[in-house]
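# need a 3D model of the following:
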Amino acid sequence: MRRNLRLTIIVVMIFFIMTGCIVRNQSSAHNTIEQGSKIKDTYIYNVEDNFKGMKLEINLTLTKGNVKFELKDPNGDIQWSEEVTSDKPLKEIKSFDKIVGDWTLTFESIDNSGEGEFDLQFNRL
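Predicted coordinates:
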């Protein structure tokens, strides 16, 4: 009986380790934007050869000011760029074709007057 319990525990641990490897193919962040602070945050997501593509979800809400962001593929080409204001929050999900390498997402406060928060999540396709 104890032997079966040990075997079950080992199998469950192996399962969690394996699913942990799968989860490494997603990345998320949450950040607060404070008024008067210069913002220039950069997030990098590596698209690997076995991916079909990449998906990015951004939820950016401001109570004041303007923030712009830019997503560049590994070739340096801009794939998504937008400016967000307190009048125009952003909650969007976009999918991108596979380009292997590091994708770079940059958030920047336009005049350091931005105040709010954002969540983002990269996922493999």
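
# please make it C-alpha for all contacts and neighbour counts, starting now.
OK.

# can you give me the buried ones in the one helix or strand N46 maps to?
Here N46, judged by DSSP states H and E, is contained in strand 40-47. If you call a residue buried by 16 or more other CA atoms under 10 Å, then strand 40-47 has these buried ones: 43, 45-47.

# likewise for stretch 85-100?
85-86, 90, 98-100.

# make CSV out of these and add pLDDT, secondary structure and distance to M54.
What follows is the buried residues of stretch 85-100, written out as CSV (pLDDT from 0 to 100; DSSP: H, G, I helix; E, B strand; the rest coil; distance: CA to CA, whole Å):
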residue, pLDDT, secondary structure, distance to M54
T85, 86, strand, 26
S86, 84, coil, 28
L90, 90, strand, 19
K98, 94, coil, 7
I99, 95, coil, 9
V100, 95, coil, 10
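
# in a markdown table: those residues, plus distance to N59.
Shown next, in a markdown table, are those (distance: CA to CA, whole Å):
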| residue | distance to N59 |
| --- | --- |
| T85 | 13 |
| S86 | 13 |
| L90 | 6 |
| K98 | 23 |
| I99 | 24 |
| V100 | 25 |
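
# and the two most separated of those residues?
S86 and V100 (34.5 Å; CA to CA).

# so where do the helices sit in the protein?
Remark: helices assigned in the chain by DSSP state H are 2-23.

# pLDDT score for K68?
Note on K68: pLDDT of 88.

# quick one: average pLDDT of stretch 105-124?
pLDDT averaged over stretch 105-124 gives 84.

# how many neighbours does D102 have?
By other CA atoms under 10 Å, 17 other residues sit near D102.

# excluding chain neighbours, what is closest to it?
The shortest distance from D102 to any non-neighbouring residue, by CA to CA, 6 or more residues apart in numbering, is to N46 (4.3 Å).

# right, I'll leave it there.
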